[in-house]
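Student: I need the structure of the sequence given here:
(2 chains)
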Amino acid sequence: MSAVATMLSKSDRLASSSARAVLMLLRARAILVLVLLLILFAAMVPSFLSANNLSILSKHVAISAILAIGMTFVVLSGGIDLSVGSAAGLSGMVAGYVLTRGGVSHSTVVAVMIAFAVCLAIGALNGWLVAKAGVAPFIATLGTLYIARGAALLLSNGKTFPNLGGSVAHGLTAFPAIGQSFLLGLPMPVWIMLVLFGLAAIVAAKTPLGRHVYAVGGNERAARLAGINVPRVKLITYLFSAFCASVVGIIIASQLEAAHPATGESFELNAIAAVVLGGTSLMGGRGSVAGSLIGALVIGVLADGLVMLGVSEFWQIVIKGVVIVLAVAVDQLQSRLQAKFLPYLLRSTTEAGR
Amino acid sequence: MRGQQRYYAATLVLLLCAAGCHRADYSKRLIVILVPSQDNPYFKAEADTAAKRALELGYRVRIDAHDDDAYRQDNLIDGAVASNAAAIILDNAGSDSSISAVRRATRAGIPCFLIDREIAADGIAKAQIIADNNQGARVVAEEFAKAIGRAGGEYAELLGRESDTNAQVRTRGFHSVLDTRPEFKLVSAQAANWSQSEAFQKTETILQGHPKIVGIIAGNDTMALGAVAAIKSAGLKGITITGFDGSPDATGAIRAGELHATTLQPAVVISKLAVDEADRFLKTGSTGRPERQVIPCDLVTRANADEYQDFEKIR
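Tutor: Predicted coordinates for the structure are as follows:
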């Protein structure tokens, strides 16, 4: 009798240890893919790991990473924000408008502040539509996607705001520095990304707000019953996402020294892909900001590496699609595995605790 | 479960290898060719010609498309810098929004040779070789007026994307001819953004409001073909339509008698010229030509449509 019990628990432990290994692998999948890609490209493209290219790569990654950091909270709370690409475009256009045509001031600080304000208004609209008006996040932010894009086109009648880097008379000298300068050898956008990442990671892990975001996404009804102000939490996630979009729009306008109304098309999809690759569940409640950063790294490395490798652009699109689909498929696999092995894992933990 | 996971990983690796298996010869110098898209016959001809010429001259090439997105173009130019390209052949994503990227490449020691579209700055690119859009527009507008005849009448115009300099130059060219003739009356000018489907819809709407129009002058061939389709589906006849670009589809429609005329942008000539000048610059330090170069366009009508193929005069 006791021999049977020992045998049973032995097989349980075996199952749990192999399940644990698989789960660990699955959780670390984004890092594994990233390392794999880096090795692959380093082997195939001679200059891939040069300091110059890594600096350029990090600058590109920063753009999708900043959007993904903002998107993470929205997705964690069970929503989605499709408007970030358009909001980024609008942000650049507003900054360009103030810098070149703004009657009151041509100052960089004023331009950036007004761009932030406009994007926060978009975020507030998203938050209000989703949290108060009860519109499904997909639809609400699809609507604001069009509104923001249309507004960006209207601002200039479809034209580009040029010469944002040029004239000293307009006091524009500071504006190009946002996207083009370096600090301690790293491009400025990377620093901006790191600051936002640090902030977001602390909020997610250490503050009540962070826990509320997870709670709302995990089980909204339970969160409400536990006394969490659900609409407020949702509003804050959309505001932060819009703010991140605004930052991206300004960085791009600064890099190009011009603001074009079509900037940011399909950025939202890149951001969502980065979030999903990083292991955040689109159902909400599960995931992390660090994961999204790694997801953005994977997408950035893949995009730049394929270009340097000279892969045809059509293949690039196919490969990107395959990676995203695989990421979600593996995500499902992880959920199922977790559900299946959770009893074993729990038991082995309690046994270990005894 | 594990098998499934392994299967995913294998698929990914296979795909990456399949895409990357054409390993380039890294001992040759690299010319990067950036065009707006590779699914449009004009840009495809442009990119393919440049690539062919560069390969003939002993370079290795890389073609990428920026989809008229200045930010993507910026990233691709960064990529060219990182790959230590010898030169960049660029059909840019916007006359203002491309300046900073071209300047960055030039500062990094990579000369840029612009084709098809100009940028609004001098002295940064080594060459800016474009088709004479103004001359082409005038020639096609003359033909448009000649085909409709002395009686004149109401006509409509389909315009390209407003942010594109070529759209503005072409419409100015059309009007410099047609506005001097009082018998021609513009009743509707709509932007169809170079797109066939948009042109189709806009033309249908125009026909509702102005059933008496005798001609439609379009800023490019795809829009002209959209108009042709709309006229056909409305069952109308005797409306003169002209395009711009000289695409194979358009010359085909001219041969079929559906489209009256177009003007051929010498994409092939321009691409070859740009690569030759890049080669000369890399070998001698000078292109031997002024920065801004304008190549005239050819009028294509039913009489000479057989002489043109894939943006090139073959006879």
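Student: Dump stretch A:206-222 to PDB, restricted to CA.
Tutor: The C-alpha coordinates for stretch A:206-222 follow below in PDB (Å, rounded to 0.1, in the frame of the first residue of the first chain):
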ATOM      1  CA  LYS A 206       5.200  47.600  -7.000                       C
ATOM      2  CA  THR A 207       2.100  49.800  -6.900                       C
ATOM      3  CA  PRO A 208      -1.600  49.200  -6.100                       C
ATOM      4  CA  LEU A 209      -2.400  50.600  -9.600                       C
ATOM      5  CA  GLY A 210      -0.300  47.900 -11.200                       C
ATOM      6  CA  ARG A 211      -2.100  45.100  -9.200                       C
ATOM      7  CA  HIS A 212      -5.400  46.700 -10.100                       C
ATOM      8  CA  VAL A 213      -4.600  46.500 -13.800                       C
ATOM      9  CA  TYR A 214      -3.900  42.800 -13.500                       C
ATOM     10  CA  ALA A 215      -7.000  42.300 -11.400                       C
ATOM     11  CA  VAL A 216      -9.300  44.000 -13.900                       C
ATOM     12  CA  GLY A 217      -7.900  42.000 -16.700                       C
ATOM     13  CA  GLY A 218      -8.000  38.700 -14.800                       C
ATOM     14  CA  ASN A 219     -11.600  39.000 -13.600                       C
ATOM     15  CA  GLU A 220     -13.300  42.300 -14.000                       C
ATOM     16  CA  ARG A 221     -16.400  41.400 -12.000                       C
ATOM     17  CA  ALA A 222     -14.300  40.200  -9.100                       C
END
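Student: starting at the chain centroid, how far to it?
Tutor: In terms of CA atoms, centre = their mean, to the nearest Å, the centre of stretch A:206-222 is found 19 Å from the chain centre.
Student: ok now do residue B:277, which residues does it touch?
Tutor: Contacts for residue B:277 (CB atoms under 8 Å, 6 or more residues apart in numbering or on different chains) come out as B:113, B:126, B:127, B:129, B:287, B:288, B:289. (Each C-beta comes from the backbone N, C-alpha and C, glycine too.)
Student: Recalculate using a threshold of 7 Å.
Tutor: B:113, B:127, B:287, B:289 (CB atoms under 7 Å, 6 or more residues apart in numbering or on different chains).
Student: Distance-wise, check residue B:266 relative to residue B:297.
Tutor: Plainly put, residue B:266 is 7 Å away from residue B:297 if you go by CB to CB, to the nearest Å.
Student: per-domain residue ranges of the chain.
Tutor: You didn't say which chain, so I picked chain A. Per automatic domain parsing, the domain ranges recorded for chain A read A:46-310, A:314-354.
Student: Chain B, not that one
Tutor: Taken from automatic domain parsing, chain B resolves into B:2-129+B:267-294, B:133-264.
Student: Point out where the chain drops to low pLDDT.
Tutor: Chain wasn't specified; assuming chain A. Applying pLDDT under 70 to chain A flags residues A:1-16, A:103-105, A:166-173, A:342-354.
Student: that's the wrong chain, I wanted chain B
Tutor: B:1-25, B:163.
Student: Quick one: residues contacting whatever residue of it ends up closest to chain A.
Tutor: As assessed by CB to the nearest CB, chain A sits closest to residue B:96 within chain B, at 3.3 Å. Neighbouring residues of residue B:96 by CB under 7 Å, 6+ apart: A:160, A:162, A:258, B:120.
Student: quick revisit: looking at the domains of chain A, which is closest to residue A:28?
Tutor: domain A:46-310 (9.1 Å; CB to CB).
Student: Compute the first-to-last residue distance for that closest one.
Tutor: 13 Å (CA to CA, to the nearest Å).
Student: in what helix or strand does residue B:88 lie?
Tutor: In this structure, residue B:88 is located in strand B:87-90 according to DSSP states H and E.
Student: no no, residue B:157
Tutor: Residue B:157 belongs to strand B:153-159, assigned by DSSP H and E.
Student: How about that strand and chain A, any contact?
Tutor: No: using CB under 7 Å from any CB of the partner chain, we find that strand B:153-159 stays clear of chain A, coming within 11.0 Å at best.
Student: quick one: contacts for the closest residue to residue A:231 other than its chain neighbours?
Tutor: The shortest distance from residue A:231 to any non-neighbouring residue, by CB to CB, 6 or more residues apart in numbering or on different chains, is to residue A:131 (3.6 Å). If you count contacts by CB under 7 Å, 6+ apart, residue A:131 has them with A:231, A:234, A:235.
Student: For the helix or strand hosting residue B:189, C-alpha coordinates in PDB please.
Tutor: Using DSSP H and E, residue B:189 sits within strand B:184-191. C-alpha atoms of strand B:184-191 as PDB (Å, rounded to 0.1, in the frame of the first residue of the first chain):
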ATOM      1  CA  PHE B 184     -12.500  73.500 -72.400                       C
ATOM      2  CA  LYS B 185     -14.300  73.700 -69.000                       C
ATOM      3  CA  LEU B 186     -13.100  71.800 -65.900                       C
ATOM      4  CA  VAL B 187     -16.200  70.700 -64.100                       C
ATOM      5  CA  SER B 188     -14.600  68.400 -61.500                       C
ATOM      6  CA  ALA B 189     -11.100  67.800 -60.100                       C
ATOM      7  CA  GLN B 190     -10.900  65.000 -57.600                       C
ATOM      8  CA  ALA B 191      -7.900  63.400 -55.800                       C
END
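Student: ok so, going back, next, the angle from the strand holding residue B:157 to strand B:184-191.
Tutor: 20 degrees (axes from the mean of the first three to the mean of the last three CA atoms, to 10 degrees).
Student: returning to what we had before: now list whatever residues contact both of residue B:266 and residue B:297.
Tutor: Contacts common to residue B:266 and residue B:297, judged by CB under 7 Å, 6+ apart, are residue B:131.
Student: still on that earlier bit, list just the nearest of the contacts of residue A:131 to residue A:220.
Tutor: Nearest to residue A:220 out of those is residue A:234 (CB to CB; 9.3 Å).
Student: So which residues of the stretch 51-200 of chain A form strands?
Tutor: Per DSSP state E, counting those that start in this stretch, the stretch 51-200 of chain A carries strands over the ranges A:182-183, A:186-187.
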